[in-house]
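In: Would you be able to build a 3D model of this:
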Amino acid sequence: MAESVTIARPYAEAAYRLAQEAQAQAVWSERLQRLALIAQDEDMAALMGNPRLSVEQVADLFISLSQGNDPIFGNFIRTLAENRRLVLLPEISRLFELARSQEEGVKEAVVLSAFPIDGSQVASLLQQLEPRFGTRLSARVEIDPGLIGGVKIAVGDQVLDASVRGKLDAMAVALNN
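Out: Model (predicted):
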């Protein structure tokens, strides 16, 4: 995973710079998200690895699926295809969104929960957390059954642990002292 982030980061940064220059961050964001979903499809993964298809054919397919005719975006996709990096589109898209959020003053809050939480609960949680962290937040929810209950939230290097596991760990430390 760390290796894919390392490889994807320069592509995501280049994509963001290109989108910024064209003042089309929202359009590029939408296209990258769409292509990221397509790249994760099993049939598409098999197609990308098919030796009977040329790099140009695969690139042209992805460009046609991006639902746009921006030559700069097309060249970006062709570069990914030539370097066999289309498989990194999900990571490139995530890093692109992170750069976009930072420019807009929004930080990502990683919400670890023992159980699935719905969109209204996440929105309510973010509304309570934004004044505490002093910034607008977007959430990425991950499930961690090891928490037993509650949530653990990380924003940058700050962590707020309101999980049952965190409380049990704190109690164990207090009892040992």
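In: was I right about residue 114 contacting residue 164?
Out: Yes. Counting by Cβ atoms under 8 Å, residue 164 is a contact partner of residue 114 at 7.4 Å. (C-beta placed from N, C-alpha, C; glycine too.)
In: Now for the two: what residues contact both?
Out: Here residue 114 and residue 164 have 147, 148, 149, 150 as joint contacts, going by Cβ atoms under 8 Å, 6 or more residues apart in numbering.
In: I'd like to know which elements the strand or helix carrying residue 141 is packed against.
Out: Applying DSSP states H and E as the criterion places residue 141 in strand 136-143. Packed against strand 136-143 by the contact rule (3 or more Cβ pairs under 8 Å, 6 or more residues apart in numbering; DSSP states H and E) you find strand 106-113, helix 119-133.
In: Buried residues, the first one. List them.
Out: It stands for strand 106-113. By 16 or more other Cβ atoms under 10 Å, the buried positions in strand 106-113 come out as 106, 107, 108, 109, 111, 112, 113.
In: before we move on, what about stretch 165-174?
Out: Across stretch 165-174, burial judged by 16+ other Cβ under 10 Å covers 165, 166.
In: Done for today, thanks.
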